[in-house]
Structures are given as structure tokens and as C-alpha cells.
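Visitor: A predicted structure for the sequence below; I have some questions about it.
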Amino acid sequence: MDHFQLRNGVMHAEDIPLPRIAEEVGTPVYVYSRATLVRHARVFRDALSGVRNPHIAFAVKSNPNLAVLKVLSREGYGADVVSGGELTRALAADMKPEDIVFSGVGKTDAELLQGLEANIGQFNLESEEEGRELAAIAARAGKVARCALRVNPDVDARTHEKISTGKAENKFGVPIDRAVEIYSALAALPGMEMRGIAVHIGSQLSTLEPLETAFGKVGALITELRAAGQSVTHADLGGGLGVPYKAGEVLPSPAEYGAMVARVTADWDCALSFEPGRVIAGNAGILLTRVIRVKRSSNASPFVVVDAAMNDLARPAMYGAWHDIEAVEPTGSKSTSHIVGPICETGDTFAMNREMDTLESGDLAIFRTAGAYGATMASSYNSRGFVAEVLVDGDKYAVVADRLPPADIMGAERVPDWLE
Ligand code: LLP
């Protein structure tokens, strides 16, 4: 359920008609709904009612906007961060340091130190090498690093190959069959408190079975670790729950996910944590765009050229992803079109031969399910700026990220005097 609905023939975000935002803020613009974010945050938490004291860390990478993080921090969410930049954002949004988990295969020494100095709750280690480096940094700084070891369970998440992370050939985690050895070695180092296992096999998962298989392997590993004399008090089950991108698509619900987790982990005797991103933010945002012109060059479908492009919403170009596209003021007329952006490559295509609302020059349209992995993946390719972001709350809205014009980006560049 989301709060982007037609009212009297005009698409609204909560109580705000989208044409008003287009007029006052311009297009393209990302629009987030606070009520939808809050609803998703609560549905996910309620789904875990069968788990004792779950810890939920929002995957900041999916939507790092400060206002979005603040909404979630007020819902009691912590953060899963993957860079010093994300850590800084989570803290700026008042997420408690102890509720922050630091994931990622390439944390630099500076980032590890930043995490230690901020006293974050947990580092999810992706390799033995990283653990040894962190132990040395912690010992030098007189700190203790609370850590989980991320394991690679060699399970096919059956999602897009670019967002699948749990196969042996992927760069993530340590091979699960070496986990006892690596965990024990790291636990013996000064500066380290090895307290658990982490796993995350991929994103936009459309079935629960791969997750259940992976969690089953983690359960067996926890038993093995304890038998080897190690203490295991925490398990981090990652994110990955998919969301519908097409009207009518059905995916496992948070409730089904929560029930599966409660069943599989019943005898683990561990504090569980979760790192959802897309399921919280995905359908809480849209990208609002205006049609620049409709280009009819042959008898084939027309090209509807919109002012949003692959630099603003990369998912279709990057993963061939589908986003529903709808007119903001639909006339009832439907036709088959190609929806493309202005960027000079064929990959800048959002939809081919799509049967959808007829769009004419000047019309407004929305890309749905753009709240996760939307603005955060933007670039300034073709010297386009970064789009603005807006948060709606009932009958009010605020610009929560200014549009960054191309001139400001150019302002960070220098021509050396030896080129003058
Ligand atoms: N935890 C870890 C360690 C992750 O790597 C990710 C996502 C998450 C949690 C959150 O997963 P979620 O609940 O959002 O599925 N840009 C891609 C998605 C990349 C996901 C990367 N990792 C896309 O647009 O589909």
C-alpha cells in the first residue's frame, strides 16, 4: 500500500497534487511519502513479532536522504551503512551509534577508524584480512570492535545477477566452510569482540526459499561455532525482500518472511538483526517527470521523450528493470509508446513498446517504485544536474534535497594554470 493515488483524476502524493510540486519545484523531481515510509517501517517491524527483540537497520544505500533517514530514526530504526559517508548521514539523522551496522567488502582504514570512534554497534567483516586490520586499528585506538563475520553460503538468490551476493563466486563474505576457522582466529585477537554471523544473499528476492536455505546454513554454523567453544550472541540476516514493480505482481509479504524467520531461527538463542532497504523505501517514492516532446518518426510506436533520464533513475538502463509509468492526469486514452530520456545513448530507455497512458508534450508522468535505489544512484552524466527531492507529509511538503544545477558541479572543477 502506498499513498500515490489518483484523486479527482489527478495523481497525488498523500494530500498534495503532483502538478503543484512540478510547478513549484520543477521536474524531474523525486517525491517521497512520509506516511508510506512509516507504514512500511511498521509493517516490517510487526512482521517480526515472532522474533524476540529484533534490531532493524535500514539499508542507507537504498535511500540516504537525510529527511528519509530521520523519518526512520523516529520509527526506532537503526542503519546499515557501507561507507564513511553513509555513517556520517546516519549519525546526522540521529540514529544511535549502537544501532549502526557497518557492512561492505572495501572499508578503508579511515572508515574502520571512523566507525570505532563513533562507537558503532557492529562491523560486519567480509574477510579475515579486514578483521585483522580492524583488530590492529582497534587495539591502537584502545577500543574494542564488536563484529559479526559475514559468510557466503553459496546460495543462488534467483534474482538479477548484478544484485546477487550469496554465490561462491561473488565477492561477499567468507566461504561458509572456512567460517569456524576464521571466526576463531579473529576472536583470539586483542581489540576484537566476535559476537555473531551475518548473511545477505541478494536484493529484490521474489521467493523465500533461497533465504530459508541460507538461514538454515547459518543455523548449522552457529551450532558448529558453539561446539568449537566460540560465543555467538548475534545473527544479522541482511535485507533482500523484493517489492512489486508491476501492478498486480505478487511477492512474499513481510508477514510471510517474518514467519519463516521465526520458524527457522526458533532455537538459535541469538539477538537477530535485519537490514531492509527496498521493502521500506521502494514504493514510498516516485520520480515525477514532464514530457519534453513526442517524436513520431515512422509508423512504429512514438518516442515519448521525458525530462528524466538514466542519470536520474539508473535501474532500467543498468538492470533492465521495469518501473510502472503513469500519467499524472490520465485522460483514459491508452497507447503503445517507447519512453526515453534525453541522454545520448540508446540505453537511456525506460520502456519499449509499452501499452500505457497516452502522453503528449508537456504532460506530467510518474515512475513508480523509485524510492529505493533511485536518487541515490544518480550521476551527472551528459552534464545534467542532480534532481531535487521532496518529502510529502499529509497536506504539506518540503524540498529535502535541492536541485544541484550543472553549473555547481562544474564549479568543483579547475583548469590548471599551465593550461591557461
Ligand atoms: N544489506 C546488505 C549487506 C546489502 O548489500 C544490501 C543491498 C541490503 C542489506 C539491502 O537490500 P534490500 O533490502 O534493499 O534488498 N541497486 C540495486 C540494488 C542493490 C542492492 C545492494 N545491496 C537495484 O537498484 O536493484
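Guide: Done, it's in. Every value quoted in this text rests on a predicted model; they were computed, and no experiment measured them.
Visitor: what residues are up against residue 163?
Guide: Residue 163 sits next to 202, 203, 204, 319 when contact means C-beta atoms under 8 Å, 6 or more residues apart in numbering. Where you see a C-beta, it was placed from the backbone N, CA and C, and this is true even at glycine.
Visitor: Kindly apply the preceding question to residue 25 instead.
Guide: By C-beta under 8 Å, 6+ apart, the contact set of residue 25 is 388, 390, 399, 403.
Visitor: Find the pair from those with maximum spatial separation.
Guide: Farthest apart among those by C-beta to C-beta are 390 and 403. That separation is 10.5 Å.
Visitor: what about the two, which has more around it?
Guide: Set side by side, residue 390 and residue 403 show more neighbours around residue 390, with 25 against 16, by other C-beta atoms under 10 Å.
Visitor: check contacts around the one residue in the stretch 301-420 of the chain that gets nearest to the ligand.
Guide: Nearest residue of the stretch 301-420 of the chain to the ligand: residue 373, at 3.1 Å (C-beta to the nearest ligand atom). Listed by C-beta under 8 Å, 6+ apart, the contact set of residue 373 reads 61, 62, 63, 277, 278, 282, 314, 315.
Visitor: Of those residues, which ones also sit close to the ligand?
Guide: Among the contacts of residue 373, the residues within reach of the ligand (C-beta under 6 Å from any ligand atom) are 62, 277, 278, 315.
Visitor: Which residue, neighbours along the chain excluded, lies closest to the last one?
Guide: Nearest-residue entry for residue 315: residue 321, 3.9 Å, with adjacent residues in sequence omitted and distances by C-beta to C-beta, 6 or more residues apart in numbering.
Visitor: Give me the buried positions along the top helix by length along the chain.
Guide: Counting residues, the longest helix in the chain under DSSP state H turns out to be helix 209-227. Using 16 or more other C-beta atoms under 10 Å as the burial criterion, the residues of helix 209-227 that qualify are 210, 211, 212, 213, 214, 215, 217, 218, 219, 221, 222, 225.
Visitor: For the third one, list the residues it contacts.
Guide: The one in question is residue 212. Residue 212 makes contacts with 260, 264, as judged by C-beta under 8 Å, 6+ apart.
Visitor: For the most centrally placed residue in the chain, which non-adjacent residue is spatially closest?
Guide: Against the mean C-alpha coordinate of the chain, by C-alpha atoms, centre = their mean, the closest residue is residue 62 at 2.0 Å. Nearest non-adjacent residue to residue 62, counting by C-beta to C-beta, 6+ apart: residue 277, 3.0 Å away.
Visitor: so who does the closest residue to residue 192 other than its chain neighbours touch?
Guide: Distances taken as C-beta to C-beta, 6+ apart place residue 135 nearest to residue 192, at 4.7 Å, with adjacent residues excluded. By C-beta under 8 Å, 6+ apart, the contact list for residue 135 reads 145, 186, 189, 190, 191, 192.
Visitor: What residues does the fourth one make contact with?
Guide: With contact set as C-beta under 8 Å, 6+ apart, residue 190 has these partners: 135, 139.
Visitor: helix or strand for it, which one?
Guide: Taking DSSP states H and E as the definition, one finds residue 190 inside no helix or strand.
Visitor: beta partners for the residue of the stretch 51-200 of the chain found nearest the ligand?
Guide: Residue nearest to the ligand within the stretch 51-200 of the chain (C-beta to the nearest ligand atom): residue 59, separated by 3.5 Å. Per DSSP bridges, the residues bridged to residue 59 are residue 80.
Visitor: For stretch 43-62, measure first residue to last.
Guide: Here the two ends of stretch 43-62 are set 18 Å apart, with distance taken as C-alpha to C-alpha, to the nearest Å.
Visitor: just stretch 92-105 next, same as before
Guide: 24 Å.
Visitor: shift numbering so it begins at 604
Guide: Renumbered: residue one is now 604, and that last one reads stretch 695-708.
Visitor: Buried residues in it, which are they?
Guide: Using 16+ other C-beta under 10 Å as the test for burial, stretch 695-708 gives 696, 698, 700, 702, 703, 704, 705, 706, 707.
Visitor: cool, stretch 949-959 as well?
Guide: Under the neighbour-count criterion of 16+ other C-beta under 10 Å, stretch 949-959 has 951, 952, 953, 954, 957, 959 buried.
Visitor: on that earlier part again, which single one of the buried residues of helix 812-830 is nearest to the ligand?
Guide: For those, the nearest to the ligand is residue 814 (11.0 Å; C-beta to the nearest ligand atom).
Visitor: What residues does the closest one make contact with?
Guide: Contacts were defined as C-beta under 8 Å, 6+ apart; by that measure residue 814 touches 760, 804, 808, 840, 843, 860, 863.
Visitor: other SSEs contacting the longest strand belonging to the chain?
Guide: Longest strand of the chain, by residue count under DSSP state E: strand 888-898. Under the contact definition 3 or more C-beta pairs under 8 Å, 6 or more residues apart in numbering; DSSP states H and E, strand 888-898 sits against helix 621-628, strand 632-636, strand 906-909, strand 967-970.
Visitor: gap between that strand and the chain center?
Guide: Mean C-alpha position of strand 888-898 versus that of the full chain (C-alpha atoms, centre = their mean, to the nearest Å) differs by 23 Å.
Visitor: Stretch 744-755 now?
Guide: Averaging C-alpha positions (C-alpha atoms, centre = their mean) puts stretch 744-755 23 Å from its chain's average.
Visitor: Quick check: buried residues in it?
Guide: Neighbour counts over stretch 744-755 (16+ other C-beta under 10 Å) mark 746, 748, 749, 750, 751, 752, 753, 754, 755 as buried.
Visitor: elements contacting the helix or strand where the third one lies?
Guide: Here residue 749 sits within strand 748-755, counting by DSSP H and E. When contacts are defined as 3+ C-beta pairs under 8 Å, 6+ apart, strand 748-755 sits against helix 712-720, strand 725-728, helix 731-744, strand 777-778, helix 782-790, strand 795-801, helix 812-830, strand 837-839.
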